[in-house]
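**Student:** show me the folded form of this:
(2 chains)
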Amino acid sequence: MAINITLPDGSVREYPDGVTGTDVAESIGSRLAKAAVAVKLDGESRDLSRPIESDAAIEIITENTEAGRHIMRHSAAHVMAQAVLDLYPGAKFAIGPPIEDGFYYDFQVEEPFTPDDLDRIEERMAEIISSNQSFERDVVSSSDAEGIFSDQPFKLEIIRGVDESEGVGGSEVSIYRNVDFVDLCRGPHVPSTARLKAVKLLRSAGAYWRGDENNPQLQRIYGTAWESKKELDAYLNRREEAAKRDHRKLGRELDLYSFPQELGSGLAVWHPNGGMLRKVVEDYSRQIHEDYGFVFVNSPHVAKADLWQTSGHLDFYADNMYPGMDLDEGQQYRVKPMNCPFHVLVYKSNARSYRELPLRFSELGAVYRYERSGVLHGLLRVRGLTMDDSHTFCTRDQLPEELAQHLEFVLTLLGEFGFEDFEADLSTRPEDKWVGDLELWEVATESLRSALVAANVPFQVAEGEGAFYGPKIDVHIKDAIGRRWQMSTVQVDFSLPDRFELEFTTPGNDRERPVMIHSAKFGSVERFIGVLVEHYAGAFPGWLSPVQLTIVPVADRHNEYANEVAAVFRAAGLRVEVDETDETVGEKIRRAITQKHPAIAVVGDKDVAANSVGVRMRGDDAERRGLPLGDAVAELTAAFAAPR
RNA sequence: GCCGGGGUAGCUCAGUCGGUAGAGCGACGCACUCGUAAUGCGUAGGUCACGGGUUCGAUUCCCGUCUCCGGCUCCA
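**Tutor:** Residues are numbered from 1 along each chain as shown, chains lettered A, B, ... in the order given. Coordinates of the predicted model:
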């Protein structure tokens, strides 16, 4: 019997029944066969060695693709488990999936792994890899599997909970063996351990079984695997590059902010350079909010506990709030974790008419949230933050248009900060617990969806992941080195207007309840700046740079002219420093470059005589000498102009 | 909060198998007055995170606390 195999280019070849993926790959080319790790048969990933028994479309998965690396890493995880079980008798192994750029495996062992343990495990893995062990697939009944894994409680739990997505069927599971090691696994795997050419263990960490902190904490080992030493080194190099961009490190080097121990965890102080950066960012925020029809409101940092009771925060968010303080004969006050109740009170301060809506309230509001100590991370996760928060109140009819506007707003804002690559999550109504009116949920969700489509933003639907009070969009950006960050949120709220009994008067002189839209564009100013620092590696575009121009006098006698030049640039609106230190020109240039200042102007005898400057732009190796001062001012003011 | 690893000068780090410490950069001073990525010389600066214990003696060993880092968890 012969079967027909369709190749990705559409051509069809005839093979004997039972041909393997390896055979097919070899028939196409020996290089392809060498690079093959698995096949995709009618869209299903399978081992190379599995016989193909009917007509199918085939795709050879090679090791230099993401899908190929995924399989390789999964196999590497198996080898790691094998090594751990060899070295630590009695160890229980749980799950070991591939992840982005690597893999991990969770173990239950007597003692947590130390860095020395990782070295030992890595050595043992190298032995397993060089002994060229085949990965053999087998399908067994669930009850047989329970026998095989009788002393592995986590595997038993998986077998008993198995469903179609984890095994081959409800009553059967697939397992993979190599020599004396066997693991429950859906596969596929590389044909043999020898195909793992570049594996490295990175670190160990505690991790809860099934991600639930009520479950036992296991020891997770993270590793990475690549198709070649070269790719592995490139990856390790990328990690180093990312470390160089770390906003905590750059914050110190560029003198932007610090986290003094005396202050407390998760709390930052901003130095003058960082303060200027904040000012530029906040000024921009105010301007664009104004441009998009928002009005400014303001609110205090504390409020009576009753307010947080009404808003529901004490019911749903109390764990993240600072404890109360007793003031004025037992009156409880709370520090604010969010701005929404205040904006609601502004709404309530007047009887509202449909003529006023939509009302878009905006505030750069400082809020305090008690975050658990282990989650704090530089500026990206803090306990005191400033939200560029807004709350829009509109009618049901206005909702679709408002949501589209809000999305356009955040995309414009992110784009003007240099982020071009967006992705979004659309979170829809939870199944069980939700409030509001079903029809309105539909309208809001569809409006968000069509706004995303219209804005051409790729998005995923997080079905049922929304808050109980309304659907939302989270916008993520991709930074300069490809990392994704969640930034803006547009969140519909059907609950707060109810809780506070908000109303407006309709054209027919009835009372109706407005709908509310929460939106944070930066997320928080702190976090946004942290992401900006990492995105630009501290080399901010001119309009954001705390110092835009450093003026370098060649010798003391040029200081006076340097200051005159500085005054001219400052009058044109630039942020200028004059370096009058007792250093050589080379050293002053080096300092300005190290501080990532976008422009340097050197002034010497010839410039004094000609009313000119020598300009060197960041990133250029060369300078332009003798540029007339007026030309330089015009050029730099244009180059460093803020987007709005 | 949980698991692991750290905390030595402003920064980056070395060091002390228990006898109170050192470099580079930075800062400060002096000289140099210089045309595009480091001028030279000199000086100051440390309760070795904090508290307790062991010891003749603790920065070093032990315990606790704080804090940072990597994860987990959390992120209505």
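
**Student:** please look at residue A:120 and residue A:87 and confirm they touch.
**Tutor:** Yes: contact criterion CB atoms under 8 Å: residue A:120 and residue A:87 qualify, at 6.0 Å. Any C-beta I mention is one placed from the backbone N, CA and C, and that applies to glycine too.

**Student:** what sits in contact with each of those two?
**Tutor:** Residues touching both residue A:120 and residue A:87 (CB atoms under 8 Å, 6 or more residues apart in numbering): there are none.

**Student:** pretty sure residue A:74 is touching residue A:105, no?
**Tutor:** No: between residue A:74 and residue A:105 there is no contact under CB under 8 Å: 10.3 Å.

**Student:** if I look at these two, which residues touch both of them?
**Tutor:** By CB under 8 Å, 6+ apart, residue A:74 and residue A:105 have these common neighbours: residue A:96.

**Student:** nearest residue to the most centrally placed residue in chain A in space, please, no chain neighbours.
**Tutor:** Residue closest to the mean C-alpha point of chain A, counted by CA atoms, centre = their mean, is residue A:485 at 2.6 Å. Nearest in space to residue A:485, with sequence neighbours left out and distances taken as CB to CB, 6 or more residues apart in numbering, is residue A:531 at 5.1 Å.

**Student:** mind checking how far the one you found is from RNA strand B?
**Tutor:** Distance, residue A:531 to RNA strand B, using CB to the nearest atom of the strand, to the nearest Å: 14 Å.

**Student:** that residue: which element?
**Tutor:** Assigned by DSSP states H and E, residue A:531 falls within helix A:525-536.

**Student:** so what secondary structure elements neighbour that helix?
**Tutor:** Under the contact criterion of 3 or more CB pairs under 8 Å, 6 or more residues apart in numbering; DSSP states H and E, helix A:525-536 touches helix A:247-253, helix A:272-291, strand A:384-394, strand A:484-493.

**Student:** recalculate using a threshold of 7 Å.
**Tutor:** Secondary-structure packing of helix A:525-536 (3 or more CB pairs under 7 Å, 6 or more residues apart in numbering; DSSP states H and E): helix A:247-253, helix A:272-291, strand A:384-394.

**Student:** residues in contact with the shortest one?
**Tutor:** It refers to helix A:247-253. A:257-258, A:274, A:378-379, A:530, A:533-534, A:538 (CB atoms under 7 Å, 6 or more residues apart in numbering).

**Student:** for the second one, same thing?
**Tutor:** With CB under 7 Å, 6+ apart as the contact definition, helix A:272-291 has outside contacts at A:251, A:254-257, A:270, A:362, A:364, A:388, A:390, A:413, A:522, A:525, A:528-529, A:544, A:546, A:575, A:642, A:644.

**Student:** near RNA strand B, anything from that helix?
**Tutor:** No: judged by CB under 7 Å from any atom of the strand, helix A:272-291 stays clear of RNA strand B, getting no closer than 14.5 Å.

**Student:** narrow the contacts of helix A:247-253 to just the buried residues.
**Tutor:** A:257, A:274, A:378-379, A:530, A:533-534, A:538 (16 or more other CB atoms under 10 Å).

**Student:** flag every residue of the stretch 451-600 of chain A that's near RNA strand B.
**Tutor:** A:467-469, A:493, A:495-496, A:554-557, A:582-587, A:589-590, A:593-594, A:600.

**Student:** which of these are buried?
**Tutor:** Among these, those buried by neighbour count (16+ other CB under 10 Å) are A:467, A:469, A:493, A:495-496, A:554, A:589, A:600.

**Student:** what residues does the stretch 101-250 of chain A put near RNA strand B?
**Tutor:** A:112, A:114-115, A:203-208, A:211-213, A:217, A:219-220, A:222, A:246, A:248-249.

**Student:** need the buried ones from these selected in PyMOL.
**Tutor:** Entered in PyMOL, the line below selects the buried ones among those, by 16+ other CB under 10 Å:
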select buried, chain A and resi 204+207+219+220+222+248
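
**Student:** so which of the residues of the stretch 101-250 of chain A next to RNA strand B are in strands?
**Tutor:** In strands, defined here by DSSP state E, the members of those are A:203-208, A:217, A:219-220, A:222.

**Student:** report the two of the residues you listed separated the most.
**Tutor:** The most widely separated members of those, counting by CB to CB, are A:203 and A:208 (17.0 Å).

**Student:** can you count the residues close to whatever residue of the stretch 351-500 of chain A ends up closest to RNA strand B?
**Tutor:** Here the stretch 351-500 of chain A gets closest to RNA strand B at one residue, residue A:374, 1.7 Å apart by CB to the nearest atom of the strand. Neighbour count of residue A:374, defined by other CB atoms under 10 Å: 6.

**Student:** help me confirm that it is found in a helix?
**Tutor:** Yes: Residue A:374: assigned to a helix according to DSSP: H, G, I helix; E, B strand; the rest coil.

**Student:** what's the spacing between it and residue A:205?
**Tutor:** To residue A:205, residue A:374 is 11 Å away according to CB to CB, to the nearest Å.

**Student:** so is the host helix or strand of residue A:69 next to RNA strand B?
**Tutor:** For residue A:69, the host element (DSSP H and E) is helix A:66-87. No: under the criterion of CB under 7 Å from any atom of the strand, RNA strand B is not reached by helix A:66-87; the shortest gap measures 14.8 Å.

**Student:** using CSV, write down the CA coordinates of that helix.
**Tutor:** Coordinates of each C-alpha in helix A:66-87 appear next as CSV, following Å, rounded to 0.1, in the frame of the first residue of the first chain:
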residue,chain,number,x,y,z
GLU,A,66,10.7,28.2,17.4
ALA,A,67,8.6,25.0,17.1
GLY,A,68,11.8,23.0,16.8
ARG,A,69,13.5,24.7,19.8
HIS,A,70,10.3,24.1,21.8
ILE,A,71,10.6,20.3,21.2
MET,A,72,14.3,20.4,21.9
ARG,A,73,13.8,22.2,25.2
HIS,A,74,11.0,19.8,26.2
SER,A,75,13.5,17.0,25.6
ALA,A,76,16.2,18.9,27.6
ALA,A,77,13.7,19.1,30.4
HIS,A,78,13.3,15.3,30.4
VAL,A,79,17.1,14.9,30.4
MET,A,80,17.3,17.2,33.4
ALA,A,81,14.7,15.2,35.3
GLN,A,82,16.6,12.1,34.4
ALA,A,83,19.8,13.6,35.8
VAL,A,84,18.0,14.8,39.0
LEU,A,85,16.4,11.4,39.6
ASP,A,86,19.8,9.8,39.1
LEU,A,87,21.6,12.1,41.5
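
**Student:** quick one: the next helix-or-strand element following it to chain centroid distance?
**Tutor:** Once the chain leaves helix A:66-87, the next helix or strand it forms, by DSSP H and E, is strand A:92-93. Here the centre of strand A:92-93 is set off from its chain's centre by 31 Å, with CA atoms, centre = their mean, to the nearest Å.

**Student:** I'd like the next helix or strand past strand A:92-93.
**Tutor:** Heading C-terminal from strand A:92-93, the first helix or strand you meet, by DSSP H and E, is strand A:98-99.

**Student:** for the helix or strand following that next one, C-alpha coordinates in PDB please.
**Tutor:** Once strand A:98-99 ends, the next helix or strand along the chain (criterion: DSSP H and E) is strand A:102-108. Taking Å, rounded to 0.1, in the frame of the first residue of the first chain, the C-alpha atoms of strand A:102-108 are listed here in PDB:
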ATOM      1  CA  GLY A 102      14.100  27.700  27.700                       C
ATOM      2  CA  PHE A 103      12.500  25.100  30.000                       C
ATOM      3  CA  TYR A 104      12.100  24.200  33.600                       C
ATOM      4  CA  TYR A 105      11.300  21.200  35.700                       C
ATOM      5  CA  ASP A 106       9.800  21.100  39.200                       C
ATOM      6  CA  PHE A 107      11.000  18.600  41.800                       C
ATOM      7  CA  GLN A 108      10.200  17.700  45.300                       C
END
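
**Student:** direction included, what does strand A:102-108 pair up with?
**Tutor:** strand A:92-93 (antiparallel), strand A:98-99 (antiparallel), strand A:217-226 (antiparallel) (DSSP bridges).
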